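Participant: Kindly generate the corresponding structure for this input.
(chains A and B)
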Amino acid sequence: MVTDTLLKPRDYKTDVFVDWCPGCGDFGILTSLHQALWELKKKPWEVVIFSGIGCSGKTPHYVNTYGIHTLHGRLLPFATGAKLANPHLTVIAVGGDGDGLGIGAGHFVNAGRRNLNLTYIIHDNGVYGLTKGQASPTLKKGVKTKSLPKPNIQMNVNPLLMAYSSGFTFIARGYSYDVPHLKELLKQAIQHKGFALVNVLQPCPTYNDINTREWFGERVFRLEETDYDPVVTPDTGEDELKKRRGQFIEKALEWETRIAIGVLWKDLTVETYEERIASRIPTYLDAPPGIRPVCDPDGKPTADIRSILDSFRVT
Amino acid sequence: MKRSDFAWVVGGPQGSGVDSAANLFAKAAAFGRLHVFGKREYYSNIMGEHSYFQVRVSENPVYSHGDMMHLLASFEAETAIRHSWDVLPDGGILYDPKVVDTNIERVPALEPEVRTHLFKRLNAMSLPLTVEGVLKAAEADGVCLFPFPYDDLVEELKREYPDTDAKVLKRMVNTMSVAASLRLVAFPFEFLEKSIQDVFKGKTKAMKMNIQAAQMAYDFVSEQGWDFSCHLTPGTTDEKRIYVNGNQAVSLGKILGGCTFQSYYPITPASDESVFLEEHENFPLTGVQEEALKWVRNPGNPGKSASPNGRMGSLLVLQTEDEIAAIAAATGAALAGARAATATSGPGFCLMAEGLGWAGNSEVPVVVTLYQRGGPSTGLPTRHEQGDLLFAIFAGHGEFPRIVLSSGDLEEAFYDSALVFNLAEKYQMPVIHLLDKALANSNQTLPYYDLSRVRIERGALLNEAPSANGYQRFQFTESGISPRIRLGTPGCIFYNTGDEHTPEGHISEDPENRDRMMEKRMKKLDLVLKEIPSKDKFHILGDPDGDIVILSWGTPKGAIREALEVLREEGHRVKFVQSRLLWPLPAQELKEVLEPARLRIAIEQNYSGQFAGLVSQHTGLRFDHLIVKYNGRPMSFNEVLDALRHILSGKSSKKVVLRRGH
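Facilitator: Sure thing, here's the model as predicted:
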């Protein structure tokens, strides 16, 4: 039994041993998540954290909420099913860059098309850590981390641009060593009505000796401290929209000298998938698939199929 | 053949309305209180390739298709060319006289191998290589020819409906072929009229035009004074009946069985089911207890309740990006409390293997409705096979429990589609409902489903958090089944992982925990075998004391039942064991019913006799004969009958391959 009285930030931690490498960027993401949930006053049972495979996949075990550690790359379809079955759950998906942009890239794109009210956190470190540092889809071509025998021969994808073209309505970039900032991003993402991506730059001290804490430290800057405005509303005019798009693409691509962290895109004009369903199924939000009573106490089905069956009657 | 049945075939290019013609004919017969069985065959193609539909009609129940037909309804060359050979002597062919001179060479969709075969036959009979040659060959066998001038009648209709699009008018040939056929067998027009009214419900203009087209064709045949010995007389039953196809039967069972979530990726022959469900996503509910909703009302939920009267229910259908996502989404939905399913065919099921393993490991009740089709790979995408049995049983790496249940016909498929959710939830494991293309695309008249037979059992699903401290999702219990709660249940949390895990659901590589957890999961299969009633393990049909036994599973049931009716009249005592629970395999019970027989025959629609092999492996019993088929066409009752007769005569080889069908 989990109590809901006097929750403190530490109440969101579990007593499972966190087995990430010392100095791993994942710790910052975990701490930010604990703090964000506490500040949002989420009760443990209102939240479900889904994860895939890899170092990031262990995250749910370290958070005192419902936690579903799924298959490599498949966290979004699992999360989608649960969220659709009970849209009142706060669903957070946590995965790696290889998980979401490599093996799970198809799910990433198609989840974007739906705009479910979900939060998706990507641990982006450029390598497959748990299998000893192979190049992930976000590692730049020509980069040779110490774990690679030769420089990376494949191009990278840009998660933010991919998210934009897939239809994500909230796109943010965080940095795992800026916990106060990341916590705020996570809070905003969770509160956003729609599909929110927080791509977190997360140095892997064990295998990525190129994009290190020092490397990022010289480049990252908070977008909130500039005059950047990511918000698109129904009142945003055509010219303004073009400007927003242009600056988004520019900031999403900047990498070598300066890397913007913060909310890069926030579109408030797109209806959520839940709203689209509710417009077709009037009882959806009141009695969604996970909750709708399917039988009476004696096991008699509640679904009355007589009218459908009658349409097949011949005698 | 003693059965007083009548077989009718209509064919034509895909997209030309063959299915509607068949539907009109079948429903007319069904409205006329006759039993109907319809089988649809088609290519993997949208438009232009040949498709055909056989409808068998009888006063007695019909369970399968036959090889031969009494009447062939054609309105173009290809159908006449392909099917005339299978018209019974004394049967008839309705054809368009304008196509008689069509050269077989000029029918583009005919495969070269079919063409070569036809040339050989016609050359041997010194007949021209045209439609006329084919018709003459049939006539020589005693088949009656009925030239029907479709164009003239369409022209006549055009005069009445001058503003109608030519394409729409052209489609009237379907209705005309049905009307002409029904007049030939002297079936009253009123039932066709009723059928048209039913099929075109809500489309007043189309209905009126079709009735008129039908009347014109019907009258035309009357005027000809043709002599046709086959007559079809309306039945007299007062039984309440429905006419459904396999996808519909399964959908109806799912809705009644409390399925609330279905995910799918489009694939033949499974997606018609999901489309039907989406079309019927809202339906009324009865007997909803407000109490049952209360616990979920958290602050995020507006909690307003619809009026208890007329409350609507729903089944949410999600089209995913692939089948990996389909099973993952269904599993996620099941974790949140939905009765969740996904429907697919072999190629899609291949992609589901990893998801199936995850659900097995995390003990999630998820249903996979698997319509088998011709494999391997893309195989015969629109044709029939039972080649996925062993794959369904063994898909996934490592060992985890699952249930595989197969239905033999549209009656079983309905009740089983509800039953599989009970099994999934009671035993907390994935259930594969193993069906096939033949079932998906067969239509049948059936007694109105007995809705009171369906009962929902949700097993150890708790609506509220257990009051004791420290809920463990995978608590060790004597039965292996642990109390289950939904994601979001207040006052509680749990963890799941694809890794081996502790009772709390956290990752564990501890050897002792591994042993206990593995044993906890796997012993649920013993419980399944113990608790599932024998009627769900297998049916015993035919002569229960017969000294010859047939073992089969799935849709060959229909053909075997009909063949056995004839064999009984011929004095053979044959017992038919139709297996339903295929995994876990009730080996002991099967051994008991199979062992006493002096002759054991296995029948299934695949190359190697997968089920027979599995049963042999688990019971030590051998089969004397194996009847198999793998050409993509379902077994007809005739060919099963012929194969069995040959076996009973003592002259048959051990393995018999059935090869009929178009």
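Participant: burial of the nearest residue to A:K251 once chain neighbours are set aside, as a residue count?
Facilitator: Of all residues not flanking A:K251 in the chain, A:A260 sits nearest, at 4.5 Å (CB to CB, 6 or more residues apart in numbering or on different chains). For the C-beta atoms, the positions are set from N, CA and C on the backbone; glycine is no exception. Neighbour count for A:A260, taken as other CB atoms under 10 Å in any protein chain shown: 22.
Participant: same question, A:D310
Facilitator: 10.
Participant: The one helix or strand B:L252 maps to near chain A anywhere?
Facilitator: For B:L252, the enclosing helix or strand under DSSP states H and E is helix B:246-256. Yes. For helix B:246-256, a contact with chain A is found by CB under 8 Å from any CB of the partner chain, at B:248, B:252, B:255-256.
Participant: What does the residue nearest to A:K251 show for phi and psi?
Facilitator: Phi and psi for A:A260, reported as degrees, to the nearest 10, are phi -80, psi 130.
Participant: so what's A:A82 up against?
Facilitator: Counting by CB atoms under 8 Å, 6 or more residues apart in numbering or on different chains, A:A82 touches A:48, A:50, A:68, A:89, A:91, A:290, B:332-333, B:335-336, B:487.
Participant: Strands of the stretch 1-150 of chain B, start to end?
Facilitator: B:5-13, B:35-41, B:50-58, B:69-73, B:87-95, B:144-147 (DSSP state E, counting those that start in this stretch).
Participant: So for chain A, which of those strands sits nearest?
Facilitator: Among the strands of the stretch 1-150 of chain B, strand B:35-41 comes nearest to chain A, with 8.4 Å by CB to the nearest CB.
Participant: Pull the residues that contact that closest one.
Facilitator: By CB under 8 Å, 6+ apart, the list of residues contacting strand B:35-41 from outside reads B:19, B:22, B:26, B:29-30, B:51-65, B:235, B:243, B:245, B:382-383, B:438, B:441-445, B:558, B:633-634, B:661-662.
Participant: ditto for stretch B:471-485
Facilitator: Contacts to stretch B:471-485, defined as CB under 8 Å, 6+ apart, come from residues A:1, B:363, B:426-428, B:459-462, B:465-466, B:492-496, B:501-505, B:516-517, B:519-524, B:527.
Participant: Tally up the residues packed near the residue nearest to A:L223 when sequence neighbours are not counted, please.
Facilitator: In space, and not counting its chain neighbours, A:L223 is closest to A:G262: 3.0 Å by CB to CB, 6+ apart. Other residues lying near A:G262 total 22 when counted by other CB under 10 Å.
Participant: Let me see the contact set for the residue in the stretch 201-315 of chain A positioned nearest to chain B.
Facilitator: Nearest residue of the stretch 201-315 of chain A to chain B: A:V294, at 2.9 Å (CB to the nearest CB). Residues near A:V294 by CB under 8 Å, 6+ apart: A:301-303, B:257-258, B:260, B:339, B:456, B:458.
Participant: By neighbour count, which of the residues you listed wins?
Facilitator: Most crowded among these, counting by other CB under 10 Å, is B:R339 at 32 neighbours.
Participant: Quick check: that one touching B:L256?
Facilitator: No. Using CB atoms under 8 Å, B:R339 is not in contact with B:L256, being 11.1 Å away.
Participant: pLDDT weak spots in chain B?
Facilitator: Applying pLDDT under 70 to chain B flags residues B:1-4, B:289-310, B:468.
Participant: what's the angle from the longest helix along it to strand B:87-95?
Facilitator: Criterion DSSP state H: the longest helix present in chain B is helix B:204-224. Computed with axes from the mean of the first three to the mean of the last three CA atoms, to 10 degrees, the direction of helix B:204-224 lies at 120 degrees from that of strand B:87-95.
Participant: quick one: the strands in chain A?
Facilitator: A:47-51, A:66-69, A:90-96, A:119-124, A:127-128, A:134-135, A:170-175, A:196-201, A:220-222, A:231-232, A:259-267 (DSSP state E).
Participant: Residues contacting the second one, please?
Facilitator: The one in question is strand A:66-69. Contacts of strand A:66-69 (CB under 8 Å, 6+ apart): A:44-45, A:47-51, A:57-61, A:78-79, A:82, B:332, B:335, B:487-488, B:493-499, B:505, B:507.
Participant: A:D19 - how many residues pack around it?
Facilitator: By other CB under 10 Å, 11 other residues sit near A:D19.
Participant: ok, and the closest non-adjacent residue to it?
Facilitator: Excluding the flanking residues, the one nearest A:D19 by CB to CB, 6+ apart is A:K58, at 7.1 Å.
Participant: hmm, back to that, what are the buried residues along the longest helix of chain B?
Facilitator: Neighbour-count burial for helix B:204-224 flags B:206-207, B:209-218, B:220-221 (criterion: 16 or more other CB atoms under 10 Å in any protein chain shown).
Participant: now swap in stretch B:400-413 and tell me
Facilitator: Judged by neighbour count using 16+ other CB under 10 Å, the buried positions of stretch B:400-413 are B:400-413.
Participant: Need these in a markdown table (columns: secondary structure and distance to chain A).
Facilitator: As requested, those are exported to a markdown table (DSSP: H, G, I helix; E, B strand; the rest coil; distance: CB to the nearest CB, whole Å):
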| residue | secondary structure | distance to chain A |
| --- | --- | --- |
| B:F400 | coil | 14 |
| B:P401 | coil | 18 |
| B:R402 | coil | 17 |
| B:I403 | strand | 19 |
| B:V404 | strand | 22 |
| B:L405 | strand | 19 |
| B:S406 | strand | 23 |
| B:S407 | coil | 18 |
| B:G408 | coil | 20 |
| B:D409 | coil | 16 |
| B:L410 | helix | 11 |
| B:E411 | helix | 13 |
| B:E412 | helix | 17 |
| B:A413 | helix | 14 |
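Participant: Spatially central residue for chain A, please.
Facilitator: The centroid of chain A falls nearest to A:Y120 when counting by CA atoms, centre = their mean (0.5 Å).
Participant: Could you pull up the residues touching that residue?
Facilitator: A:76, A:92-95, A:100, A:111, A:195-198 are the contacts of A:Y120 under CB under 8 Å, 6+ apart.
Participant: cool, and B:A338?
Facilitator: Going by CB under 8 Å, 6+ apart, B:A338 touches A:81, A:85, A:289-290, B:260-261.
Participant: Would you verify that it is located in a helix?
Facilitator: No. Read with DSSP: H, G, I helix; E, B strand; the rest coil, B:A338 is coil and lies in no helix.
Participant: Name the residues of the stretch 51-200 of chain A found near chain B, please.
Facilitator: So the stretch 51-200 of chain A meets chain B at A:53, A:58, A:60-61, A:64-71, A:74, A:76-86, A:88-90, A:106-107, A:109-110 (CB under 8 Å from any CB).
Participant: quick revisit: for the contacts of A:V294, which one is nearest B:K654?
Facilitator: Using CB to CB, B:G257 is the member of those that sits closest to B:K654, with 41.4 Å.
Participant: picking up where we left off before, any chance of the strands of the stretch 1-150 of chain B in TSV, with mean neighbour count and distance to B:E531 too?
Facilitator: TSV is the format used below for those (neighbours: other CB atoms under 10 Å in any protein chain shown; distance: least, CB to CB, whole Å):
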stretch	mean neighbour count	distance to B:E531
strand B:5-13	25	40
strand B:35-41	25	34
strand B:50-58	25	38
strand B:69-73	29	46
strand B:87-95	22	49
strand B:144-147	18	58
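Participant: between these, which gets nearest to B:D642?
Facilitator: Closest among those, using CB to CB: strand B:87-95, at 15.5 Å.
Participant: Quick one: list the elements packing against the closest one.
Facilitator: strand B:69-73, helix B:131-140, strand B:144-147, helix B:172-184 (3 or more CB pairs under 8 Å, 6 or more residues apart in numbering or on different chains; DSSP states H and E).
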